[in-house]
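> give me coordinates for this.
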Amino acid sequence: MSADDSLMAARWVARMDSGVWTEDDETALRRWLAADPRRHGTLLRSHATWLAADRALDIDRPADEAVAPPLIGWGRRSVVAGLAAAGVAALVGSLSRLRTNGATKYATEVGEIRRVPLSDGSVMTMNSGSELAVRMHGKARSVALAQGEAWFDVAKDAERPFVVAARKVKAQAIGTAFSVRMRDDAVEILVNEGVVEAWSDDAAFRRIRLEAGQRALVGDDAAIKLEPEQASSVDRALAWRSGMIDLDGKTLQQAADEFNRYNDRKIVIADPTIGAAQIDGVFRINDPEGFAISVRNILGASVNTETAEVIRIQS
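Residues are numbered from 1 along each chain as shown. Sure, this is the predicted structure:
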C-alpha cells in the first residue's frame, strides 16, 4: 500500500461524506479502484479510521442504535457504512446521493439499512430496498417515498412542517418520530413519538391523528384503518432499525415475506397449511437459514437448504 493510495483513499471517504457526490465522482472512484485490487482494502481501512474518529467524538449515534453486522448504523461521517459487508465496488453506486431538481435522492439495496442525518437536524433510517427524495424548502420539509420504508426522527420546527408523501398518502409532523411503509394497496404509518396527521389526496377532508403507539393503514382509495394503541407492537415492528425481525404472532408465510425483503436467498413456503402457523420470536434479518432451522425445530417442518437461491419449507 503506497502513501499516495492511502491519501487518495482518505480523500474519497471525505468526498463521499461531504454531501456532494456526482456521477462523475462515482465513475472516477470505480476507475481508481479498478486500477489496483489492493485499493479496495485501502479504502476500507480509511473508512474504518473515519468511523473510529466518529466514535471517539461520540457523534450522532445514540447508545441504543447499534445495528447487527453486517448492517451498520449511520453516523454523520459514516456515508459508506456497510462497505466491508457488501464489497466496495458493488456498494458505492447504492450510496451515491444525487441532487435532481432541488431534491436529494437516496436508495438502499436489498439487505441494506441506512441511517441518514438531514440538514434540518432530522434523521431518517431507510429500510431494505427503499427509494426516496428529500426537499428542504424555506417553509416546508418534504420527503417523497417511491418504494420501501423509512423511519423519521423529526427535528422540531413549527415554521416548517415535515411531510412524507407515499403515492397519494401524506403523513405530516412538526416534531415526532414515525415510520412510513409502502404496501401493495395502502400505506402503513407507525408513530412511536409525538403526533402525526395522515390523509389521502383523494379525501383530504378525511384526516386522522395518530399518537405514540398507534399505527394506521391509509388506502389508495382513501380508506383509513386505525389499529388499537399498543406501543410495544409499534416498537417490535420497527426492530428492523437494529437489524432484527421481531415476529409477534405473524404467520409463517408473513414471516417468510419479511425475510424475503432483506435477502436475495428467498424462503418459499411450499405448503399453505404450515404457512398459516403462527410464529413468535426475534431473528436476525440476514439469517434466513437460521430462521428456517428454528421453524423446523418449533413446528417439525421439513426444510430444504440445498440450493443457494431458495430455502423451501413444508410440512
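
> from Asp235, how far out is the residue nearest the centre of the chain?
Averaging the C-alpha coordinates of the chain gives a centre point, and the residue nearest to it by CA atoms, centre = their mean is Asn127 (1.7 Å). Asn127 sits 15 Å away from Asp235, taking CB to CB, to the nearest Å as the criterion. C-beta: built from backbone N, CA, C; applies to glycine.

> then Ala277?
Ala277 is 24 Å from Asp235, by CB to CB.

> comparing those two, which residue is more hemmed in?
Neighbour totals were compared for Ala277 and Asp235, and Ala277 leads with 17 against 14 (other CB atoms under 10 Å).

> could you pull up the residues touching the nearest residue to the more buried one once chain neighbours are set aside?
Leaving aside its chain neighbours, Ala277 sits nearest to Leu252 (5.0 Å; criterion: CB to CB, 6 or more residues apart in numbering). Contact criterion CB atoms under 8 Å, 6 or more residues apart in numbering gives Ile269, Ile274, Gly275, Ala276, Ala277, Gln278, Ile279, Val295, Leu299, Ile313 as the residues in contact with Leu252.

> which ones are touching the last one?
Residues in contact with Ile313 (CB under 8 Å, 6+ apart) are 252, 256, 267-271, 274, 292, 295-296, 301-304.

> out of those residues, which are inside helices?
When DSSP state H is applied, the contacts of Ile313 are split such that Leu252, Ala256, Ile274, Ala292, Val295, Arg296 fall in helices.

> of those residues, closest to Ile174?
When the ones in helices among the contacts of Ile313 are ranked by distance to Ile174 (CB to CB), Ala256 comes first, at 38.2 Å.

> just the pLDDT for the closest residue in space to the residue nearest to the centre of the chain that isn't next to it in sequence.
The spatially closest residue to Asn127, leaving aside those adjacent along the chain, is Glu149, at 4.0 Å (CB to CB, 6+ apart). In the prediction, the pLDDT value recorded for Glu149 is 98.

> I'd say Glu149 and Thr125 touch.
No: in terms of CB atoms under 8 Å, Glu149 does not count as a neighbour of Thr125; the distance is 9.3 Å.

> for the stretch 151-300 of the chain, just list every one of the strands.
Applying DSSP state E, counting those that start in this stretch to the stretch 151-300 of the chain gives strands spanning 162-166, 169-173, 177-182, 186-193, 195-200, 208-211, 215-219, 224-227, 244-251, 266-269, 278-284.

> got the CA positions of stretch 286-300 in PDB?
Coordinates of each C-alpha in stretch 286-300 appear next as PDB, following Å, rounded to 0.1, in the frame of the first residue of the first chain:
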ATOM      1  CA  ASN A 286     -29.700 -11.500   7.300                       C
ATOM      2  CA  ASP A 287     -30.100 -15.100   8.600                       C
ATOM      3  CA  PRO A 288     -33.000 -16.700   6.700                       C
ATOM      4  CA  GLU A 289     -31.400 -20.200   7.100                       C
ATOM      5  CA  GLY A 290     -31.200 -19.800  10.900                       C
ATOM      6  CA  PHE A 291     -34.800 -18.800  10.900                       C
ATOM      7  CA  ALA A 292     -35.700 -21.800   8.800                       C
ATOM      8  CA  ILE A 293     -33.900 -24.100  11.200                       C
ATOM      9  CA  SER A 294     -35.800 -22.600  14.100                       C
ATOM     10  CA  VAL A 295     -39.100 -23.300  12.200                       C
ATOM     11  CA  ARG A 296     -38.000 -26.900  11.700                       C
ATOM     12  CA  ASN A 297     -37.300 -27.200  15.400                       C
ATOM     13  CA  ILE A 298     -40.500 -25.400  16.500                       C
ATOM     14  CA  LEU A 299     -43.000 -26.800  14.000                       C
ATOM     15  CA  GLY A 300     -41.400 -30.000  13.000                       C
END
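
> ok, and for it, which residues are buried?
The neighbour-count criterion (16 or more other CB atoms under 10 Å) identifies Asn286, Asp287, Pro288, Phe291, Ala292, Ser294, Val295, Leu299 as the buried residues of stretch 286-300.

> likewise for stretch 122-141?
With burial defined by 16+ other CB under 10 Å, the residues of stretch 122-141 counted as buried are 122-134, 136, 141.

> give the contact list for the spatially closest residue to Asn260 that is not a sequence neighbour.
Across the structure, with CB to CB, 6+ apart as the measure, the residue nearest Asn260 apart from its sequence neighbours is Lys266 (5.0 Å). When contacts are counted by CB under 8 Å, 6+ apart, Lys266 touches Asn260, Pro288, Glu309, Val310, Ile311.
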